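[1] 3D, please:
(chains A, B, C, D, E, F, G and H, ligands or ions: 2)
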Amino acid sequence: MVEVASPSPIVTMSRKDHLSRTFEAYRAEIDSDNERRERLIILSRSITQLSKKLIFHLHRGATSSPGARAKMLNDARTKEREIREQFRKVNEVLREDGDDQGWRWHRQVSPGLEEYIESLSFLHYLEGKGLITLSDVQAALSDQETGDPWLVVTPEDYVLGISDLTGELMRYATNALSTGDHETPLSVCRFVRDVKAKFDRIPPFLIKPLAKKQEETTRSLEKIERVCYALRLRLLEFADRPEILRQMAKRALDEADREEID
Amino acid sequence: MVEVASPSPIVTMSRKDHLSRTFEAYRAEIDSDNERRERLIILSRSITQLSKKLIFHLHRGATSSPGARAKMLNDARTKEREIREQFRKVNEVLREDGDDQGWRWHRQVSPGLEEYIESLSFLHYLEGKGLITLSDVQAALSDQETGDPWLVVTPEDYVLGISDLTGELMRYATNALSTGDHETPLSVCRFVRDVKAKFDRIPPFLIKPLAKKQEETTRSLEKIERVCYALRLRLLEFADRPEILRQMAKRALDEADREEID
Amino acid sequence: MSITAVKDQRRSVEEALTQAITSLEAEQSLKKTIREAVDPLDDVARSALSELNLLHSIPSSGHAALCEKCLATVATSKSHWTTVASLIPKGEFYRYQFAIGPTLRSFVTAIAMAHFLLKDELIPVFAISSLLGIGEGEIILSAEDYLQGVIGMVNELPRLSINAVTTQNFFLPIKISAFVNDIFASYSLLNLRNDALRRRFDSLKYDVKRCEDVVYDLTLRGLTPAPTSA
Amino acid sequence: MSITAVKDQRRSVEEALTQAITSLEAEQSLKKTIREAVDPLDDVARSALSELNLLHSIPSSGHAALCEKCLATVATSKSHWTTVASLIPKGEFYRYQFAIGPTLRSFVTAIAMAHFLLKDELIPVFAISSLLGIGEGEIILSAEDYLQGVIGMVNELPRLSINAVTTQNFFLPIKISAFVNDIFASYSLLNLRNDALRRRFDSLKYDVKRCEDVVYDLTLRGLTPAPTSA
Amino acid sequence: MSITAVKDQRRSVEEALTQAITSLEAEQSLKKTIREAVDPLDDVARSALSELNLLHSIPSSGHAALCEKCLATVATSKSHWTTVASLIPKGEFYRYQFAIGPTLRSFVTAIAMAHFLLKDELIPVFAISSLLGIGEGEIILSAEDYLQGVIGMVNELPRLSINAVTTQNFFLPIKISAFVNDIFASYSLLNLRNDALRRRFDSLKYDVKRCEDVVYDLTLRGLTPAPTSA
Amino acid sequence: MSITAVKDQRRSVEEALTQAITSLEAEQSLKKTIREAVDPLDDVARSALSELNLLHSIPSSGHAALCEKCLATVATSKSHWTTVASLIPKGEFYRYQFAIGPTLRSFVTAIAMAHFLLKDELIPVFAISSLLGIGEGEIILSAEDYLQGVIGMVNELPRLSINAVTTQNFFLPIKISAFVNDIFASYSLLNLRNDALRRRFDSLKYDVKRCEDVVYDLTLRGLTPAPTSA
Amino acid sequence: MSITAVKDQRRSVEEALTQAITSLEAEQSLKKTIREAVDPLDDVARSALSELNLLHSIPSSGHAALCEKCLATVATSKSHWTTVASLIPKGEFYRYQFAIGPTLRSFVTAIAMAHFLLKDELIPVFAISSLLGIGEGEIILSAEDYLQGVIGMVNELPRLSINAVTTQNFFLPIKISAFVNDIFASYSLLNLRNDALRRRFDSLKYDVKRCEDVVYDLTLRGLTPAPTSA
Amino acid sequence: MSITAVKDQRRSVEEALTQAITSLEAEQSLKKTIREAVDPLDDVARSALSELNLLHSIPSSGHAALCEKCLATVATSKSHWTTVASLIPKGEFYRYQFAIGPTLRSFVTAIAMAHFLLKDELIPVFAISSLLGIGEGEIILSAEDYLQGVIGMVNELPRLSINAVTTQNFFLPIKISAFVNDIFASYSLLNLRNDALRRRFDSLKYDVKRCEDVVYDLTLRGLTPAPTSA
Ligand SMILES: [Mn+2]
Ligand SMILES: [Mn+2]
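    Ligands and ions are numbered 1, 2, ... in the order given. Sure, this is the predicted structure:
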C-alpha cells in the first residue's frame, strides 16, 4: 500500500520532470507572445502618431490656392508611404508568429489601423476621388508585388475609420468657409450626409462601437449644416451685391497666394 | 484710412512671417516632446514587463531549499541590474530635454517605476534585509559613480510600490505554508501588519491613490491572517503528535531538494 | 462642383459603403452560424461535466467506469467539431476564438479530470486535440485555453478530495495532493501578465493548500500510511 | 525567526516608512505653501481680466488707456512671482506646474490682449516672462501654457469685434479679423495630440469665422473701406 | 435518514425544480422568438426614418410625396405587428414590453414627423395604433412610448428648420417653431417624476430655442412676414 | 399659416398630449399606490425571516415549532396580498412586477426554508401560491421569482449546517448536504441564459462545497454514521 | 460568560440600537413628510414659470400684466410655505435643505424675472423672502439658492431678447443686454470655490455674449438708437 | 432708458448681488475654517484606531490596558470638539454635518470597540456624546452616524476573532460571535430605506457568518465549552 499511496520516486520525478519540460515550452511561448504584443502595440502607437500628423498636414494645405494644394497632396503621399512602411513592419512581426493575416493580434493593431484609414480616406477625398473603398485600403496595405495582405483590414476597421473621417471633414468645411470657398461646405455636407445615411441603416448589433461614433458624426453633420445655413444667409444678404462676395473671396485667395510665395 | 484699415502687405507679411517662424519652432518643440513622451512610455512599459518577470522569478525560488534559494537570489540580482539599465536609458532621454530630474515626464515613467519598486523591495525582503528605504531605492536608480539620480523617486512612487509589495508577500506566505514552513507566514504577517499600520496613519489627502490600495492591502493582510489562523488550528491538533508535523515538513523539504537536484 | 462631380461623389459613397456593409453582413452571418454550431458542443460539455459531478457522491470503485463514460461522451462531440472546423475560413481561427474558446476550456476541464483519475497524469494538449478530432482542421487549442481548462480541473480537486474522505477513500486525497502540487510547480514556471490566466493561477495556491490539509488530517488520524521520503 | 530578527524587521519598517512619510509631509507642506503664494496672483489676474472686460462697453478711444492700466495691474504681480519662484526648489518647476500653470495662462490671456490692442502684434513668450519678472527664476512659461493663454485671448476677440460695432467703431473688427486669421494660420502649423490644446485649437476656427462675419457685415453695408488686395 | 426518505426528498426536489425550470426555459425561448419577430420591424422603422432623412436635403416641394412614401413604408409593417401580437400570451404584454417598446418609439417618431409635415397637426395615440394595426391585439402603445417617440420627432425639427433655410424655404421654420412651442407648452404642465422622460423633456427646451433662433435670423433679414399676434 | 390653422394645430397638440399625459400620470400614481401597498408585505417577510434567523442559535429540538411559527406569520400576509392583487388592472401584472417580485422572493425563501426543515422536501410553486392566497388573483409567482427565492434559501443552509455543529447537532449537516446537492444537480441541467439567475446559480456551487466541508469535518472525527450508498 | 452576563450584553445591545433606530426611522419619516409638503410648492413654481413662458410669444405690451399675474401666482404659495416651515424642527433647516432648496431656486427665478421686467431692477433676497412669507419661520433662503435662482433667470434672457426682435420689439434687447452685463460684472468679482455655482457662472458668460449679439444685429441694421455712454 | 434709469438698475444689481455674494463668501470661509478645525480630530481618531489595531497582535491579557489607553486618547479630543462646536452658528449644525459626520463615525467605531472589550456591552449614543464632551454644544451625534460607526466596529470583529485564535485566545471568539449576533438581530428589524446604511447592513450578515465559522472551528476541535442554550 505504501507503494501505491505514494508512487515510487522515479515515477513521480518523471511526471514532475515531464511537466516541467512541457511548461518550460509554455513559458517560452507566453514570453514571446508578450514580447510580440508589446512590439505590435508600439508599432500601432507609432502609426497613430504618424497618421495624426498626416491629417494635420492635410488640413494645412487643403484650403490653400490650387498650386500650394497640389504640392501639399504630393507631400502627403510621401508621408502616407512612410506609414505603410510601419505596416510592413507589423507584417514582419505577425509572420514570425505564423499569423499571416493578423487575426490573433488584431486587437493590438486596430487602433493604429483605424487612425490610418481615417488619414488615408481624408487624403483620398481631398484628391477628389470621393470615398475610398475597403478594397482600396486593403490594397494599400498589401505587398505591392505579390498582393499578399500585410494584415487583414476588417469591415469594422474600415467603417470606424470612415466614421472618424466625418469629424475631419467638418473641420475642413468650416476652414473652407473662411477662404471664401462657398462650394466646399455644400459638397462636404452632401458627402457626410450620404455617409451618415448609409451608416444609419446598419443594424446596431452588426458593429457595436458605431452607435457612439454615429452620435459624433451627427454632431459633425449638424456643424456642417450650420456652416451651410450661415452661408445661405450670407448669400441672401449679398444677393444684390455680388461684387462684395467676389471681393471677399479675392481677399482670401490673395492671402493663400501670399502663403504660397513665402 | 485704407492704409490703417488693412495694413500694407509688407507689414502684414512681416507679422505673419514672424509668427510662422515662431510657430515653426513650437511645432518642432511639440513634435519632439511627443516623440520623447512615446519613448518614455515605451521604456516604462518595458520596465513594467521586466519587473513582473523578476517577481515571478522570486516567487519561484522563494520557497525552495536554502541552496536553490540562494542561487535564485543571485540570479535575481542579475535581472534587477538589467532593469536598472532601462532606467539609465530613461535618464538619457530625460537629459536630451534638459530635464535631469525627470519631473516633467514623471507621469509617463511612474507606472514602470512603481512596478520596479515593488520587485526591488520584494527582492530586498527575501534577502532578509527587511523593508528597503526610499533612499536605497533612489541610490539604486542613480549613477553609481557620480551619485547623480537618473530620475527622482518620489515618496508617492515609493509608498505605492511598497503598497503593492504586500500583495506579493501574501502570495509568498501562502506558498510557504505548503512547504511546511511555519515561520514565514507568521513573520510576513507581522511585517505586513506593521506596514499597513504605518500607512493607516498617513492622512488620506497626502497621497490620494493610497486609499484604494490600502483596501487591497487590507484584503492581503486578512488572507495572511487566515493562513496563520489555519496554521494555529493545525498546530493545536498536532500538539501531541509533533512527529507528524516533522514528517510533513520533511516531505515538503524533500520535494524542494528534488527540485534542486534536477 | 459640377452635377457630374456631385453624382460621382455620391456614387463613390454608395459603392464603397455597400461593399463594406455587405462584407460586415457576411461576417456577422458566419459568426452566427459558428455560434449555433458551437451550441450542441456546449451541451456535450455540460453533460460530460455533469457526469463527472457524480464522482463526488459515488464510491471510488465506480470512478474508472464513470471517467470512461465521460470520455465516451466527449468522443460524441467529434462530428460537431468537424462541422465547426469546416465553417472557419483558412487561417481565421483567431477571428472566431471568442465563440469557441470557452467551450474548448470546458472540454479540457472534463477530459483532464477523467484522464487524471484513470492515468494519474496531466493529459497533454495534443492528446486532447486528438480526442476531439481537431488536430488537422482550422481549430486551434491555444496554450491559454488549455492552461485555463486545466486550472478549471484543479479547482474541482479539493472538493473531490474532501468527498473521498466522506466515502472512506483515504488513498485518493494523497494522489490528488501530489498531482496538484506538481501542477502548481509547473504553473509557477510561467511569467504571466495581469490577465484572466494570472487571476486563475493565483487561485491555485488555495487549492494546493486545501488538498494538503486533507492529507495532514488523514496523517494525523493515522488513516494513511506515513509518507516515505518522497 | 529569532526575537532579534523580529525586532530588526520591525525597526526596518519603522525607519523606512518614517523616512518616506516625513518626505511626503514636507512635499505636501511645500505644495500648500506654493498654492497659497499663488492665491494673490490669481487675484491680480482676475483684476486684470476684469479691467479688460470694460473694453466691451467703453468707446474705442479709451482702449489704449485701459490696456496700459491693465499692464500696470499685471506689473504689480512681479514681487509675488519672485516669492513663488523662490519657493520652488531648483529644477523642480514641473513638479508644481499643476498649481502655477492655470494662473500663468490667465496672465498670458490678459497681457496678450492688452498688447494686441496697443501694438497690433502677438506678444512673444520672452516678453511676457519679462513683464512678469520670471525670466531668471525657477518659473517656466511653457509652450503649452503660452499657447493656451493666447487661445484664451482669441476666444474674447469675436465678442470685442461685435461690441466695437455696437459702439460704432468699424475699424477694430478689421484689425481683429486680420489678427485672428494670422494666429489661426500659425496654430495650424502645429501637430497636436488629442489633448486639451487640441480641443481649444478646434474652437479657434469658429472665432475666425465669427470675426470674418463681422467684416462681411460691415463691407456689405459700406461701413468700411473696400478691402484692397491685401 | 432512511433510503426511502432520501428518495422522497430527491423526488420532491426534482419535481419542484423541473416544473419551474421548464417554465423558465419556455419563457426564455419565447423572449427570443419575440425579439426575432421584432427584428424585421426594426428594419422597417430604420427604412422609414431613413426616407425622412431626405427631408433635410430636398426642396420643400418634394416633402409631401416623401412623407406619403414614408407612411406607405410604415404601412408595410402591419403584418409583422400581427405576428408579434400573436406571439404574446394574453395579458402578458408588459412582460415583453422591454423588447417591443423601443421599436414602437421609432415608429411614433417617423409617423408623427410625416403627419406633421402633411397635416400640420400632432397625431394622437389612437391614430398611430390604427396605422400600425395594433389597436385590437395584445400590443399596447403606452403613454410613455408615445411621449418619448414624440420627443424623438421634436429633436429632429431644429435641424430641419436650419436645412430648410439652406434650401431657401423660409416658411417651414416658422411653422416648425410654432409647433415646437405648442408641444413644449403642453409638456411643461406635466409633473414628471419619470426620470428617463424628464431628461428628454429637458432637451425640448433646447430645441425650442434653436427653432426660435432660426426665425430670429429670418426676421432680422426681412425674410418672414411680420409676426401676427399668434 | 392663417390664424385658424394656427389654432387647429395648437388644439391638435393639446388634445393629443393631454390624453397621453393624463394616462402617464395615472400610471405613475398607481405605481406609487402599489408600492405603498407592498410595504406591509415587506414587513411581514422581514418578520418571517427574522424568526427563522433564530434557527441558528437555538437547539434543533426547537426547530419545528419555530418553522410553524414562521409559516403562521406568513399566513398573516394573505389579506395584504388580496389588497395588492385588487390594485393591479387585469392583464397588467407584469407592468408592476418590478415592485412585487422582490417581495415574493423573500416569501419564497422563508417558506421554502420552513418547509424543508418540517417536511424535508422542496416546496413547489403552487403550494407557495396557495399559502399566500395568490392563486386566483392578478398576482403571478413567476418561475424566475420562485427559483431566485429557492436559491436565497440555499444560501442560508451552509450557515445553518455550521451552527448545527456548534449546538452538537451532527445529523442536520448531513441532511442539508444531501438536499443542497439535489438542488444543485437539478439546477445544473438548466441551460441558463438569464444573467441574474446565472450569477446566483454560481453561488450555489459554493454552498454545496461548504455543506460538504462540514460533513467532511464530522466524518473525519467520527461524528457521523458512515455514509450509506445515498 | 454566565447566562446573566449574556442577557446583560443582549439588553445593552437592544437598548442602544433601539433608541438609535427609532430616531432614524422618525427622521426618515419626517423627510418623506417634508418632501410631500414641498410637492404642491413645486406645482406652484411650475405654473409661475409656465406663465412666464408666454413672454416669449406675446407682444411686449402684454408683458407687465403677465408678470403681475405670475407674482400673484407666486403669492398663492404662502400658506404652503407656512406648512413646510412648521414641519421643520427648530434649528434643523439645513438637514432638510436638500429637499427644499431646488424649489426655492425655481421661485427665485420666476420672481426675479417678473421683477426685472416690471421694475428694471434685480430683486434682493429679503424682498423674495417677504413675497414668499418665509422671513420669520424656519425656512432660510440661502445665498447660494438665491444666486443659483438668479442665474436661472439670466439663462432665460437671451431667448427673450431674440423673441423680442421677432415681435419687433427692438428696445427690450438693449435693456436686457445692459442688465445681464451688470449681473455678470458683479459675479465676476466673486472668488468662486463652490463648484456647482462655478459651472453655472460659466454659463453666464455665454448669455452675455448672446445678448450682445442681438444688440449687434440691431445696431448693424440701424434698428436701435446709437448707444449712449452707458 | 435714461442715464438715471441705467444707474438705478446698475445699483440695484450691485446691491442685491454684493449682499448675497458677501454672505456666500462668509459661508465658504467658515466651511474652510471648520474643516481645518476638524483636521486634528481626524488625527486623534486615526491614532485611537491605530492603537486598537494592536489588539490583533498582542495577547489578550493586554487588551484591557490597550482599550483604556485608546479611551484616554479619545478623551484628548474634548477641547478640539469644543473649538469646533464654537465655530458652528446656532442652529446650523446640519449645514456643516458633511464635514463633521465622517469624523464622528470614526470616533464611534473606536469607542464602541474599546467599550465592548472592556464592558461587554454596546455603548449607547449619549455615553459617546459625553465621552467626547459634545452633549451641550452645537454638535449632534446623529442616529445615522452612530449606526454607521457601530457597523464600522462590527466589520472589524471577524478579523479580531480569527487573530484571537492565532494568539490562542479561545474565549474571545465566542464572546464576539454572541455580540455580533445580537447586533445583527436588532438591525434586521429596521426597515431601512436609507441606501448607504442598507448596503453596510448587508455587510453585517457576512460578518456574522465569519464569526460563527470561527466558533465552529473551535467547537469541532473541542476547544470551547459545549454551548449552553444561550
Ligand atoms: Mn480625427
Ligand atoms: Mn504585484
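[2] switch to C-alpha atoms for all contacts and neighbour counts from now on
    Noted.
[3] Check whether stretch C:38-51 comes near chain F.
    Yes. Stretch C:38-51 lies in contact with chain F when judged by Cα under 8 Å from any Cα of the partner chain; the contacting residues are C:46, C:50.
[4] pLDDT (mean, whole number) over that stretch?
    Per-region confidence: stretch C:38-51 scores 94 on mean pLDDT.
[5] Buried ones in that stretch, by neighbour count?
    By neighbour count on 16 or more other Cα atoms under 10 Å in any protein chain shown, the buried set for stretch C:38-51 is C:38, C:41, C:42, C:44, C:45, C:46, C:47, C:48, C:49, C:50, C:51.
[6] now those residues in TSV, with distance to residue G:156?
    Formatted as TSV, these follow (distance: Cα to Cα, whole Å):
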residue	distance to residue G:156
C:38	60
C:41	63
C:42	61
C:44	66
C:45	65
C:46	64
C:47	67
C:48	69
C:49	67
C:50	67
C:51	71
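[7] Is any residue of the helix or strand that contains residue A:232 near chain E?
    Residue A:232 is located in helix A:210-237, with elements delineated by DSSP states H and E. Yes. Counting by Cα under 8 Å from any Cα, chain E has neighbours in helix A:210-237: A:222, A:225, A:226, A:228, A:229, A:232, A:233, A:237.
[8] sorry, back to before: pick the one among the buried residues of stretch C:38-51 closest to chain D.
    Proximity of the buried residues of stretch C:38-51 to chain D, judged by Cα to the nearest Cα, is greatest for residue C:38, which lies at 42.1 Å.
[9] Show me what secondary structure element comes after the host helix or strand of the closest one.
    With elements taken from DSSP H and E, the one containing residue C:38 is helix C:3-53. With elements assigned by DSSP H and E, the helix or strand that comes after helix C:3-53 is helix C:63-75.
[10] For the helix or strand just after that following helix, list the C-alpha coordinates in PDB.
    Next along the chain after helix C:63-75, taking DSSP H and E as the criterion, comes helix C:78-87. What follows is helix C:78-87, C-alpha atoms only, in PDB (Å, rounded to 0.1, in the frame of the first residue of the first chain):
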ATOM      1  CA  LYS C  78     -16.100  14.800 -32.800                       C
ATOM      2  CA  SER C  79     -18.500  15.300 -35.700                       C
ATOM      3  CA  HIS C  80     -19.700  18.600 -34.200                       C
ATOM      4  CA  TRP C  81     -16.100  19.800 -34.100                       C
ATOM      5  CA  THR C  82     -15.600  18.800 -37.700                       C
ATOM      6  CA  THR C  83     -18.600  20.900 -38.600                       C
ATOM      7  CA  VAL C  84     -17.300  23.900 -36.700                       C
ATOM      8  CA  ALA C  85     -13.900  23.500 -38.200                       C
ATOM      9  CA  SER C  86     -15.300  23.400 -41.700                       C
ATOM     10  CA  LEU C  87     -17.100  26.700 -41.100                       C
END
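[11] related to what we said a few turns ago, now the residues of helix A:210-237 next to chain E in JSON lines, with distance to chain D?
    Conversion of these to JSON lines gives the following (distance: Cα to the nearest Cα, whole Å):
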{"residue": "A:222", "distance to chain D": "14"}
{"residue": "A:225", "distance to chain D": "14"}
{"residue": "A:226", "distance to chain D": "11"}
{"residue": "A:228", "distance to chain D": "13"}
{"residue": "A:229", "distance to chain D": "13"}
{"residue": "A:232", "distance to chain D": "13"}
{"residue": "A:233", "distance to chain D": "11"}
{"residue": "A:237", "distance to chain D": "8"}
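[12] so what does the helix holding residue C:38 touch, helix or strand wise?
    Helix C:3-53 makes packing contacts with helix A:134-140, helix A:155-178, helix A:183-200, helix C:63-75, helix C:78-87, helix C:93-119 when contacts are defined by 3 or more Cα pairs under 8 Å, 6 or more residues apart in numbering or on different chains; DSSP states H and E.
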